[in-house]
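Trainee: the following comprises the amino acid sequence and a computationally predicted model.
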Amino acid sequence: MEAVARIEGVAESNQESVAKSNQVWAYVIVGFLTLLTMATYAVNEYYIY
């Protein structure tokens with residue numbers, strides 16, 4: 001039973017690391033799209049239309 005408990009503990013910590021990794025990727029993607037939007041706005045005077 002100790003082996004099962006250890007495996008479940010590893011699975012839980014792995015899920016936490018995957019969730020953290022996904023959160024980091026989400027911030028990276030949103031940041032990139034924000035920078036792209038700001039660059040487009042700065043270059044194109046008709047951005048709003």
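Mentor: Here it is on my side, so go on. Numbers count the residues shown, from 1 in each chain.
Trainee: list the residues that contact residue 33.
Mentor: Not one residue lies near residue 33 by CB atoms under 8 Å, 6 or more residues apart in numbering. The way it works is simple: take the backbone N, C-alpha and C, and place the C-beta from them, glycine included.
Trainee: give me the mean pLDDT for the helix or strand it falls within.
Mentor: Assigning secondary structure by DSSP states H and E places residue 33 in helix 2-43. The average pLDDT for helix 2-43 rounds to 82.
Trainee: okay, now residue 20: neighbour count?
Mentor: Counted by other CB atoms under 10 Å, the residues lying close to residue 20 total 10.
Trainee: any idea how far it lies from residue 27?
Mentor: Distance of residue 20 to residue 27, given as CB to CB, to the nearest Å: 11 Å.
Trainee: swap in residue 41?
Mentor: Taking CB to CB, one finds residue 41 at 21 Å from residue 27.
Trainee: likewise residue 40?
Mentor: 20 Å.
Trainee: likewise residue 38?
Mentor: As for residue 38, its distance to residue 27 is 16 Å (criterion: CB to CB).
Trainee: equivalent analysis for residue 39, please.
Mentor: 18 Å.
Trainee: got it, and residue 33?
Mentor: Using CB to CB, we find residue 33 at a distance of 11 Å from residue 27.
Trainee: and what of residue 43?
Mentor: Residue 43 is 25 Å from residue 27, by CB to CB.
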